[in-house]
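Engineer: Structure of the sequence below:
(chains A, B, C and D)
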Protein chains: 4
Amino acid sequence: VPAGLIRIPMDDPADVPRDLDDVLPPGRAPGDVRAVVVKSEGNGCVNDFSRALAARAWHERVTSAVTVVSGGTEGVLSPHATLLFEDVPRSDARGDLVLGVGKTSRIAWSELGSESHARDVGDAVRAIQKDLEVEPDDVALVLVKCPLLTQDRIESVKAGGKKPRTEDPYESMAASRAASALGVAHALGELDDRQLRDGIAGDRDVWSTVASASAGGELDTCNIVMLARKPGSGGALRATNVVMGDALDATGALEAISAIRGAGGTVRQIFAKADPDPTGAIRGHRHTMLTDSDLHSTRHARAAVGGLLAGLSADPMIYVSGGAENQGPPGGGPVVVVWEPVP
Amino acid sequence: VPAGLIRIPMDDPADVPRDLDDVLPPGRAPGDVRAVVVKSEGNGCVNDFSRALAARAWHERVTSAVTVVSGGTEGVLSPHATLLFEDVPRSDARGDLVLGVGKTSRIAWSELGSESHARDVGDAVRAIQKDLEVEPDDVALVLVKCPLLTQDRIESVKAGGKKPRTEDPYESMAASRAASALGVAHALGELDDRQLRDGIAGDRDVWSTVASASAGGELDTCNIVMLARKPGSGGALRATNVVMGDALDATGALEAISAIRGAGGTVRQIFAKADPDPTGAIRGHRHTMLTDSDLHSTRHARAAVGGLLAGLSADPMIYVSGGAENQGPPGGGPVVVVWEPVP
Amino acid sequence: VPAGLIRIPMDDPADVPRDLDDVLPPGRAPGDVRAVVVKSEGNGCVNDFSRALAARAWHERVTSAVTVVSGGTEGVLSPHATLLFEDVPRSDARGDLVLGVGKTSRIAWSELGSESHARDVGDAVRAIQKDLEVEPDDVALVLVKCPLLTQDRIESVKAGGKKPRTEDPYESMAASRAASALGVAHALGELDDRQLRDGIAGDRDVWSTVASASAGGELDTCNIVMLARKPGSGGALRATNVVMGDALDATGALEAISAIRGAGGTVRQIFAKADPDPTGAIRGHRHTMLTDSDLHSTRHARAAVGGLLAGLSADPMIYVSGGAENQGPPGGGPVVVVWEPVP
Amino acid sequence: VPAGLIRIPMDDPADVPRDLDDVLPPGRAPGDVRAVVVKSEGNGCVNDFSRALAARAWHERVTSAVTVVSGGTEGVLSPHATLLFEDVPRSDARGDLVLGVGKTSRIAWSELGSESHARDVGDAVRAIQKDLEVEPDDVALVLVKCPLLTQDRIESVKAGGKKPRTEDPYESMAASRAASALGVAHALGELDDRQLRDGIAGDRDVWSTVASASAGGELDTCNIVMLARKPGSGGALRATNVVMGDALDATGALEAISAIRGAGGTVRQIFAKADPDPTGAIRGHRHTMLTDSDLHSTRHARAAVGGLLAGLSADPMIYVSGGAENQGPPGGGPVVVVWEPVP
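Structural biologist: Sure thing, here's the model as predicted:
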């Protein structure tokens, strides 16, 4: 299952092409689409209904695909869908990426953000990895779409005599992203048991280099999309992994993009996480993302990191998701550049 | 009057150092400070009271200086003040920048955004330029802090039987920035009379390469700060001018910064404008800055362009102001890098 | 077609009861529902995708009904749907309300907010009124859901060589509501031709006492729902009309509700408009709804008037829509209390 | 020290009358003003700089007065200052209110929101009460302005090896209000030691009927203003206390206002707290204040309760403060109507 990828601009969150055959490459049909990864134009926070609208619209068109809809196209970011599909293997292909998808069973609301949540994600990740017949080190990217706690869900946990992870719906997004990312990292051997538990307890210094988790209220499972390197699989795509050390760290991404283009390659998509540095400062300079009561910190971070990566790549139709708890170092985040070598 | 420049981080909008002598270079006293250019942490829009608070706090400390307080430190941008002062001329100085300041008389509310407003700014700019004994082409940067129309001011214009430029306070900011920038451009010969009038009529394709205007409700004049090149003036600073063609245009700024650093120079400050492309798209890709009813477009633009320039310079304590009407091409904006050569 | 009405709480914008038969009165089926009037929990402004999501979810369930989805449940307001259905006429009924629905053809984007838009609405209103065989004076309420101009639509008008009513999507909502309300008022004889034109030109002092218009990006026609008094029609519902003079005017609504309840009646629903007074003051006291760049004025107004009417009626599941241009006097708005006498 | 009260509209947060003698009653001078209670037009949350600006402007004019600046004039609320001054005792006075002010020493950031914070407030309240020679039951209103935790303060607590009450600046406002209100309640005998501790631990069912606390970043002490009943003190003012059971509870306030006006009295000011019901519902109907990531819950609540009380009193220049933790029952809050009988 070599991975294929196309990007489709969206005019609004329900904007799905009438005929997907028109936009897919020759020989590929909607049934080949395994994952739809959307950047929709809501606030990316608790009450972002653009996500549910986009998920609904795409589900109607590609019924069998897993969706990962991440809200928030602040600044220059451009709303779009990235379709990941099973490509036709070619013997002369110069890429190596393969594609797998999966999902956990329903995450109990009382367990959201817990070690159990992380382990559920980890189990699903391992299953995909084994199914793809790749090693943990081969994994280039694991996108997770995970649930959040709405007020109703919080009340239901309390009514059941349990204590929800947090009583603040916005904070539940961070807890859900953290558990999901830690689950990925643990499954892939980036973290051991103890580090997993430290992470669940709030330690931000244990992290994955390939996980990218986004929370939303429109689902109750975790949806998972994996890209992994598997030489000889016959695909056209490759991936370059970079980790931004903080939101100013342009060097790695700039070098990666320059190297790809310098060799005649084409960048097909960038998947990145953007994090409002939890210390309230970047390289010793105070930022105001955490104290702005009019605008949540994840929106700030997406706008800034999106502006940087879109500028570096000269492309605003990239996937930048906000809130990188345990995804890269605090204040930073993983960047995965998917590209195609000269044929 | 060679220009000197220091930057001071601010912990809140009223945070002014107790003793300015401690932060100014040896031999310089608060009385030498001619301009205080602040990035304060409000929303940068109509009800940004961080601007008035910062202006008040700085005025109490440097009573004779002109203030330009621009609100909005979205994303990675870090609140700070740039103090521009009269430096001691040195015979071996390798820089050329000189500094001048001024202000218009009160802008009548009925004239805000009009040709008359522009010509008032132009007159003040010419006066500073002549006073500095530099040619129009020598001017590197003209910062303007200009008023806006509050609801009260709009009502007062109507009560006087006149028609305000707009009845929307937020839109009056754009009109005020445009008229101010057009006045600068006209005074410096960047535009002729007809282009000035076209600009006032809404033509965004006539623009200045050196003007940077910011609107606020906390003043009723236009405050003006000019940096110009004057070889032999004995200063330490130089300026490199770049114009971003759009919000993704990293090339010019990246090259300028690389050239300065490659030659051993030090970037002292970056002054930039950020614009939400008025067509709703950047290089053919839709952006959502103009249709986000939760977050004004200037905030989006500041976050994105601030993220890009801060990343390129590895410095978040830069001056990025939002809304670049007639300041650079639509969607783009001027960038002025102030730097110091190897001594 | 006597009007029946039930209200259904919604847990999220896509929350539609699995089986409508369970919630409709005995003898009534989904096919009897003619209109679904929703208060959904988005921002009620340009990028409120909760409206499209709710409209989509309800359309799937009651395919033949007209939808009017108004975003914004600020403050105490509670998200819900009001279903208006054809009730079974009863000979001993003590109410008089009848129900009609309709829609205009597509509003050309270049005409949005124009006299032509108003006349299209007026024609549709007259058609419903004639179909119901009631006189203009009998009409108790006309709800209109009308389009707005997105950035794309604005650009398309300009590309066609025409000038859109406004280039600001948020302002296009006000223009659309105004034209829709003026069309209703003109059709019902509340305004003559000259007043209609004055209203289109911006005169807020010509207004309807029964129109309630809400704009959204999720449609390109105007959807219309009418309640009218027709004695002998065999329905259970009555309506009391009040006009709030401004956002503080509690008297009329309080008296109406007291009278209904005092006589043993039951309030079934309240339909109201909330307006941020366009002069920037209420009874001489400045308000800040028009100068708050973090929060649009219609959100402010909905929260305040919603808080007042919900408090007066002890019921937060009411329909309060924001922006009452030409719907009641400036700063005020129509209030229609639908109630049921003692059987 | 009989209490006198006047209200002064403010055109912006720095708008203080040039000459206070002009606005104070004959015989009263600025030196008689003991407290300035402001409703300023910021967001009332962490980054509300209108509070600091107003406090600064008023401090310069009435240097000896205590300030309580509460941000947030959502909806119809009108920005203003309430000046409380020592009135001239009159033998024929029909009122009974006396006025006292005080402040705690600096609240250690590590103790903000703790029992120690509460007890500090309690000590200050008792001191004022004793100084006024009134009994706990005589106290009609205790306004508290208390600090919040900015990101810097949170980091400083952590750097000192302690755990701040919360790492979320917005949540620190609630914790600070709660501790302040519990301190008042404990000092006045409304709560015993155990209830105080339960409250600090998060129990919302222990509450004061007279406390009204507002948090802000512009101070590091708690400022306290007390009104108490003391027959024979020679003042003109009286107070009626009501407790709203929830945000829809109009009955008590409506009856109080009606009774006062029915007897020929004049309402001079209303002090109220507005609370977003922490269960996410009001009388069984879901509200969306806690899940709106674009607008904080306290802003929602102020708008709604402000709209209700302003409508009931036909006066938008009232003091409504958001977030009523341990001030009235969860979702409700105390309302104190200060009025003047017929002379």
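
Engineer: What parts of the stretch 101-250 of chain A come near chain C?
Structural biologist: Proximity of the stretch 101-250 of chain A to chain C, by CB under 8 Å from any CB of the partner chain, involves residues A:150, A:152, A:217. C-beta: built from backbone N, CA, C; applies to glycine.

Engineer: Pretty sure the second one sits against residue C:11.
Structural biologist: Yes - with contact defined as CB atoms under 8 Å, residue A:152 counts as touching residue C:11 (6.3 Å).

Engineer: Tell me the residues that contact both of those two, please.
Structural biologist: Taking CB atoms under 8 Å, 6 or more residues apart in numbering or on different chains as the criterion, residue A:152 and residue C:11 both touch residue D:286.

Engineer: Those two: who's more crowded?
Structural biologist: residue A:152 (17 against 10; other CB atoms under 10 Å in any protein chain shown).

Engineer: Go ahead and list the helix or strand containing that one.
Structural biologist: helix A:151-159 (DSSP states H and E).

Engineer: ok, and what's touching that helix?
Structural biologist: Contact with helix A:151-159 is made by A:109-110, A:112, A:149, A:163-164, A:167, A:169, A:172, C:11, D:279-280, D:286, D:290-291, as judged by CB under 8 Å, 6+ apart.

Engineer: So what's the gap between it and the chain middle?
Structural biologist: Distance, stretch centre to chain centre, for helix A:151-159: 27 Å (CA atoms, centre = their mean, to the nearest Å).

Engineer: ok, the closest residue to residue A:174 other than its chain neighbours - how many residues close by?
Structural biologist: Distances taken as CB to CB, 6 or more residues apart in numbering or on different chains put residue A:325 closest to residue A:174, at 5.3 Å, once the chain neighbours are dropped. As a burial measure, residue A:325 scores 25 neighbours (other CB under 10 Å).

Engineer: Tell me the one of the residues of the stretch 101-250 of chain A next to chain C nearest residue C:313?
Structural biologist: The nearest member of these to residue C:313, counting by CB to CB, is residue A:152 at 24.5 Å.

Engineer: Chain A: helices as residue ranges?
Structural biologist: A:20-23, A:49-61, A:115-132, A:151-159, A:169-187, A:193-200, A:251-262, A:297-313 (DSSP state H).

Engineer: With respect to burial, which of the ones you listed scores highest?
Structural biologist: helix A:297-313 (a mean of 31; mean count of other CB atoms under 10 Å in any protein chain shown).

Engineer: That helix vs helix B:297-313, what angle?
Structural biologist: Put simply, helix A:297-313 runs at 60 degrees to helix B:297-313, going by axes from the mean of the first three to the mean of the last three CA atoms, to 10 degrees.

Engineer: tell me the mean pLDDT over helix A:297-313?
Structural biologist: For helix A:297-313, mean pLDDT rounds to 98.

Engineer: who does that helix touch, helix- and strand-wise?
Structural biologist: helix A:251-262, strand A:266-274, strand A:319-322, helix B:297-313 (3 or more CB pairs under 8 Å, 6 or more residues apart in numbering or on different chains; DSSP states H and E).
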